[in-house]
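S.K.: kindly generate the corresponding structure for this input.
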Amino acid sequence: MSPTNLPAGPEHGHVTFLGAGPGDPGLLTLRAVEALANADVLVAGHEVLDVVRAHARQSVAVLNTDTETAFGTSAGPYSGTSASQSAVVDTVSAAVGDPASRDAANLVMEAARGGKRVVRAVSGDPGLDTYAAEEMLACAAAGVPFEVVPGVAAAVGVPAYAGVPLRDAQGADVRFVDARTASDRCWTEVGASDGTVVVSATLDSVAAAAGELVASGRKPDTPMSVTVAGTTTRQRTWSATLGTTAQTLKQAKVLPSPDGGRPVIAVVAERSAAAQRDQLSWFESKPLFGWKVLVPRTKEQAASLSDQLRSYGAVPHEVPTIAVEPPRTPQQMERAVKGLVTGRYEWIAFTSVNAVKAVREKFEEYGLDARAFAGIKVAAVGEQTAKALVAFGVKPDLVPSGEQSAAGLLDDWPPYDPVFDPIDRVFLPRADIATETLVAGLIELGWEVDDVTAYRTVRASPPPAETREAIKGGGFDAVLFTSSSTVRNLVGIAGKPHNVTVIACIGPATAKTAEEHGLRVDVMAPEPSVHKLAEALADFGLRRRAAAAEAGDPVTRPSERRPGARRRRAT
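M.R.: Take a look at the predicted model:
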């Protein structure tokens, strides 16, 4: 029986010490995701929780080591410990010396002794964490079984994201140093070598670490790269030398800094390795790297679009501009759903996730399930709608092979054939403001259409004040408008985007509406597709980066430009 399959009970809890990696959630291992999905209790600091929380169960108990105290106290997450649990506290306290580690260990131990499956998540890799080994010793002393799931260490993962190779064809020696705990002897040893040195430091100590290396024998002109917020879309890397690092960071206004304690990874390497960074910096050179992009859609609608934007290095921020409400007169929808059961329709066509939701809710109201679709052909306008149907238990018979729109659906829709089609009627549950394109096209193909209002769309409530200020104040780098209604509704609930924000529109009609609202359109999709729109924005970002490089200017995001500065259209 594997450790994760140990029976849960008062005497058999289990702890998984899990490495959450350096910051990018995509660097979690498959084993880490599996452990998180089975956890009863998740113990981690705030930064790590942001990475791992999405993979845990909805019911998981989350204990933040930045705010929680050791169990057994009135302020702790559990209270009223038994005498046997109090004895465990004494054992843990004896095994763990540092107060901060003792608090975290106590949280872990209490949950484990209660028969829970506990995941103790740490940044990077548990083997390199300051306190993880002591917490493991506490588990061993208390007889609590545990396992270790390695993670990508920051000292290895961050240089890879910064485009800084640690070894070359000659197999140069690589040394790892934690500047926060390094002794004089350690600095002397790495200073005397000529290999690559990876230094874990903070913003307020990295310049001192460079000085230690020079004092220990390294030449002042040895290249040094410094990376902050590595593997995240906030990552920034500066190239300097041991002798100029302090000046470079000062000119970049990152030292001194209110958050000077943020961890950084610095790599000291010979010129051949340092020179390769321009060619190997794959992460920070993504077309929309670090761009904060406003997507005026719900999270469900924007799922695949947001994933696509992330692949370009952007940080999508979804803001719903419409809300969905039931139709004012539900009788038409009720008759249509009953017609599904009685065999009135040959096809049902879903043009949105909301349409699937509306029909599903009506089914549940009548005590029906996906079996009611037996014998009926089902069409979905696109991938997201198809996924919603699959989640309902229905596999669509038709999804557009080309453009995911009403036009794309019509391109693949078969004409009515009285020989092969026993029924000539299509059920089309839609929004109250849907266009007539699909209805007209189906009628032209010989079908009768029951065009039914399944839901109404109304303007959504305004987003939080912070989001509204960011929209009007230039806090977003770009906004994607996928319809004229998203333009009108966003301006109505949040105000007009600032003139430094790049405006991207899905087509001419949407662009015209944006211009009527005083917005300058920078990007337009070559086809009416949200994914083509994202591609067009990425192309705009690439051209913008190339123009800055050609002019010898630093690459900046639109929101970093001087407020009120006039934007130039990329050509």
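S.K.: helices and strands around the top strand by length along the chain, which ones?
M.R.: In the chain, assigned by DSSP state E, the strand with the most residues is strand 448-459. Packing partners of strand 448-459 (3 or more Cβ pairs under 8 Å, 6 or more residues apart in numbering; DSSP states H and E): strand 322-325, helix 331-342, helix 353-365, strand 425-431, helix 437-444, helix 484-494. Every residue, glycine included, has its C-beta placed from N, CA and C.
S.K.: which residues sit against that strand?
M.R.: The contact list for strand 448-459, computed with Cβ atoms under 8 Å, 6 or more residues apart in numbering, reads 321-329, 332-333, 336, 339, 345, 354-355, 357-359, 424-433, 439, 442-443, 485, 489, 492-493.
S.K.: in its sheet, what does that strand sit against?
M.R.: Strand partners for strand 448-459, identified by DSSP bridges, are recorded as strand 322-325 (antiparallel), strand 425-431 (parallel).
S.K.: looking at those, which is buried most?
M.R.: With neighbours defined as mean count of other Cβ atoms under 10 Å, those peak in mean count at strand 425-431, which reaches a mean of 22.
S.K.: tell me which helix or strand comes right after the helix or strand of the chain with the lowest mean pLDDT.
M.R.: Across the helices and strands of the chain, mean confidence by mean pLDDT, DSSP states H and E is lowest for helix 83-95: a mean of 37. Going down the chain from helix 83-95, the next helix or strand is helix 99-113, by DSSP states H and E.
S.K.: show me which positions of that following helix end up buried.
M.R.: 101-113 (16 or more other Cβ atoms under 10 Å).
S.K.: okay, these in CSV with pLDDT and distance to Phe540 next?
M.R.: As requested, these are exported to CSV (pLDDT from 0 to 100; distance: Cβ to Cβ, whole Å):
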residue, pLDDT, distance to Phe540
Ser101, 52, 49
Arg102, 56, 53
Asp103, 74, 49
Ala104, 78, 46
Ala105, 81, 51
Asn106, 83, 53
Leu107, 83, 48
Val108, 88, 48
Met109, 86, 54
Glu110, 85, 53
Ala111, 85, 49
Ala112, 87, 52
Arg113, 82, 57
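S.K.: surely Lys345 meets Lys338?
M.R.: Not Lys; residue 345 is Tyr. No - taking contacts as Cβ atoms under 8 Å, Tyr345 lies outside contact range of Lys338: 11.0 Å.
S.K.: of those two, who's got more company?
M.R.: Legend: neighbour count by other Cβ atoms under 10 Å for Tyr345 and Lys338, higher for Tyr345 (21 against 13).
S.K.: in a strand, the more buried one, correct?
M.R.: No - counting by DSSP: H, G, I helix; E, B strand; the rest coil, Tyr345 is not found in a strand; it is coil.
S.K.: please report how far it lies from Phe373.
M.R.: 10 Å (Cβ to Cβ, to the nearest Å).
S.K.: how about Asp204?
M.R.: Counting by Cβ to Cβ, the gap from Asp204 to Phe373 is 63 Å.
S.K.: low-scoring stretches of the stretch 201-350 of the chain, by residue?
M.R.: 255-261, 272-275, 299-301 (pLDDT under 70).
S.K.: and the strands in it?
M.R.: 223-228, 236-241, 263-268, 292-295, 315-318, 322-325, 347-350 (DSSP state E, counting those that start in this stretch).
S.K.: mind listing what Gly402 touches?
M.R.: By Cβ under 8 Å, 6+ apart, the contact set of Gly402 is Gly408, Asp411, Asp412.
S.K.: so it, which state does it fall into?
M.R.: Going by three-state DSSP: Gly402 is coil.
S.K.: quick check: closest non-adjacent residue to Ala303.
M.R.: Distance criterion Cβ to Cβ, 6 or more residues apart in numbering; nearest residue to Ala303, sequence neighbours excluded, is Gln384 at 6.4 Å.
S.K.: just Pro422 next, same as before
M.R.: Glu346 (7.1 Å).
S.K.: contacts for the biggest helix by length in the chain?
M.R.: Ranked by residue count, the top helix of the chain under DSSP state H comes out as helix 530-551. Identification of contacts with helix 530-551 by Cβ under 8 Å, 6+ apart yields 285, 287-288, 291, 293, 304-305, 308-309, 312, 478, 480, 482, 502, 504-506, 522-526, 554-556, 570-571.
S.K.: show me which positions of that helix end up buried.
M.R.: Applying 16+ other Cβ under 10 Å to helix 530-551 flags 530-538, 540-542, 544-545 as buried.
S.K.: ok, back up a step: kindly reformat the strands paired with strand 448-459 as a markdown table containing distance to Leu368.
M.R.: Below are the strands paired with strand 448-459 laid out as a markdown table (distance: least, Cβ to Cβ, whole Å):
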| stretch | distance to Leu368 |
| --- | --- |
| strand 322-325 | 21 |
| strand 425-431 | 14 |
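S.K.: which stretch among the ones you listed comes nearest Thr510?
M.R.: strand 322-325 (14.7 Å; Cβ to Cβ).
S.K.: could you check how far that closest one is from the centre of its chain?
M.R.: Relative to the chain's own centre, strand 322-325 is displaced by 25 Å; criterion: Cα atoms, centre = their mean, to the nearest Å.
S.K.: what of stretch 474-484?
M.R.: Using Cα atoms, centre = their mean, the offset of stretch 474-484 from its chain centre is 19 Å.
S.K.: repeat for stretch 199-216
M.R.: On Cα atoms, centre = their mean, the centre of stretch 199-216 falls 32 Å from the chain's centre.
S.K.: before we move on, what about stretch 507-518?
M.R.: Averaging C-alpha positions (Cα atoms, centre = their mean) puts stretch 507-518 30 Å from its chain's average.
S.K.: now do stretch 524-542
M.R.: 20 Å.
S.K.: per-residue confidence averaged over that stretch?
M.R.: In this model, stretch 524-542 carries a mean pLDDT of 93.
S.K.: got it, and stretch 398-411?
M.R.: 86.
S.K.: residues of it that come out buried?
M.R.: Under the neighbour-count criterion of 16+ other Cβ under 10 Å, stretch 398-411 has Leu398, Val399, Pro400, Glu403, Gln404, Ser405, Ala406, Gly408, Leu409, Leu410 buried.
S.K.: narrow those residues to those in helices?
M.R.: Using DSSP H, these in helices are Ala406, Gly408, Leu409, Leu410.
S.K.: redo the residues you listed as CSV? Include distance to Ala511.
M.R.: Shown next, in CSV, are these (distance: Cβ to Cβ, whole Å):
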residue, distance to Ala511
Ala406, 20
Gly408, 21
Leu409, 24
Leu410, 24
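S.K.: what's the closest of these to Val158?
M.R.: Distances from Val158 to those, taken by Cβ to Cβ, are shortest for Gly408, at 42.7 Å.
S.K.: isn't the closest one up against Pro400?
M.R.: Yes - using Cβ under 8 Å, Gly408 makes contact with Pro400 at a distance of 3.5 Å.
S.K.: report the separation between Leu203 and Asp417.
M.R.: Distance from Leu203 to Asp417, by Cβ to Cβ: 71 Å.
S.K.: now render the strands of the stretch 201-350 of the chain as TSV, adding distance to Pro25.
M.R.: Below are the strands of the stretch 201-350 of the chain laid out as TSV (distance: least, Cβ to Cβ, whole Å):
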stretch	distance to Pro25
strand 223-228	18
strand 236-241	19
strand 263-268	18
strand 292-295	18
strand 315-318	13
strand 322-325	29
strand 347-350	31
